[in-house]
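Enquirer: Build me a model from this:
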Amino acid sequence: MEEIRLKATEKEIVSMIKSIFDKDVVTRTDNDLLLVEVDIENVLRSYVQAVVNVVRVKLGDKLFDIKEDGETLTIMIKDTVLAEPEYKSDDFCYNTVGRDIYAVYVDRENLLRLNKFTGGGEFIMNESTDKEAFFRFMTPQGAYMVPAGDYLVYDDWKERFYNVTKEDFERQARLKQPDLSGISGFSDYLDKKYGLDVRKRAIKLEEEYNELKEALSPYVDTGCMDYKALAHIIDELADVNLLIYHIAHLFGYTQKQLLLMAKDKIEKREKEPLYKRDVKPKEVCCGSCKYLEYEDITGNGVCREDGDLHGVGDCCSMYKPDIKTEEITSHDRNNR
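Expert: Got it, this is the predicted structure:
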């Protein structure tokens, strides 16, 4: 049987199926389809369904169909369908000497952006290291391969692609800042359109936040995301951000001010763990314990003694007062 050279995503799927089912996987072609077949006799139904769910997310539009007959699971994968490339999207625009250019860094983490930029492609694996060596995609002139770790650049003057090393590109170019002139007076527009009732806007924020959670849920569950899923998440994120922007405006703040306030809190809590925390210093709790480390913005952290995660209000028998906390408590007593 002729050996089939699998694309990066297809290779991941075959490897996953082998690992979960502990069975050999057969790959073959049928017209324009790649068929991935595996025996599912005596395999738990929950395992089969879990694999099917992950495959649907990983393949997205490339999935043609999935069939089960009780004995065999068959995954039918379409050849890469090229979408209309978005060479000149603002998402890819950089400023360089005298002109704008469009580019994407070639890395596995950027696969969704690369597919949007080029219209669709795949990573070619290095067989000796099992890592991505090149990103391959089709252009009007034919197939183009760019090494992983380079920047892929589109020249809109000559209407062609070329690649530049990471070092050379980042020395010459910087990401173009978005033009915000179009949103001048946007806050006033939102006031007129939606009103000034903060309570109503807060209710709407909760609604949009729940929609964002729902959009993120498949990614949280599987760790996989296709381009459509990403577009949905970004759309919901924009809705949430709009509500935060408007509510902040109604309270007299800009988003820049809110970000600076959050930055100030993070930086000062590195030295003062109780800074702007609604926790009394004298309380015997994890938030004022010297063993609490690696705190996040909410005050949760890891206990150096038991290695577990603890919230700012948790309490336990290993509590030891933080020196900074004792100083704050003493200062409070002396100033009553």
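
Enquirer: how much space between the closest residue to Lys276 other than its chain neighbours and Gly252?
Expert: Nearest non-adjacent residue to Lys276, counting by CB to CB, 6 or more residues apart in numbering: Lys265, 5.6 Å away. Backbone N, C-alpha and C define where each C-beta goes, glycine included. Note on Lys265: its distance to Gly252, by CB to CB, to the nearest Å, is 19 Å.

Enquirer: The two - which one has more neighbours?
Expert: Each of Lys265 and Gly252 had its neighbours counted (other CB atoms under 10 Å), and the higher figure belongs to Lys265 (14 against 7).

Enquirer: Ramachandran coordinates for Thr139?
Expert: For Thr139, the backbone dihedrals (degrees, to the nearest 10) come out as phi -130, psi 170.

Enquirer: right, and it touches Phe161 too?
Expert: Yes - using CB atoms under 8 Å, Thr139 is in contact with Phe161, at 6.2 Å.

Enquirer: And those two? Which one has more around it.
Expert: Taking other CB under 10 Å, Thr139 and Phe161 do not tie; Phe161 has more neighbours (20 against 16).

Enquirer: for the more buried one, helix, strand, or coil?
Expert: What DSSP: H, G, I helix; E, B strand; the rest coil gives for Phe161 is strand.

Enquirer: ok, it touching Ala143?
Expert: No - applying CB under 8 Å, one finds Phe161 not in contact with Ala143, separated by 11.2 Å.

Enquirer: Hmm, Tyr275 and the residue nearest to Lys276 touching each other?
Expert: Yes - judged on CB under 8 Å, Lys265 makes contact with Tyr275 at a distance of 6.6 Å.

Enquirer: how about the helix or strand where Ile266 lies: buried residues?
Expert: If you go by DSSP states H and E, Ile266 is part of helix 255-269. Burial within helix 255-269, assessed by neighbour count using 16 or more other CB atoms under 10 Å, is assigned to Arg269.

Enquirer: What mean pLDDT does that helix get?
Expert: Throughout helix 255-269, pLDDT has a mean value of 89.

Enquirer: and if you look at stretch 19-34?
Expert: 85.

Enquirer: Helices along the stretch 51-200 of the chain, start to end?
Expert: Remark: helices assigned in the stretch 51-200 of the chain by DSSP state H, counting those that start in this stretch are 111-118, 166-172, 186-194, 198-222.

Enquirer: Make TSV out of those helices and add mean pLDDT, mean neighbour count and distance to Tyr94.
Expert: Shown next, in TSV, are those (pLDDT from 0 to 100; neighbours: other CB atoms under 10 Å; distance: least, CB to CB, whole Å):
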stretch	mean pLDDT	mean neighbour count	distance to Tyr94
helix 111-118	83	22	12
helix 166-172	81	13	8
helix 186-194	86	13	26
helix 198-222	91	14	28
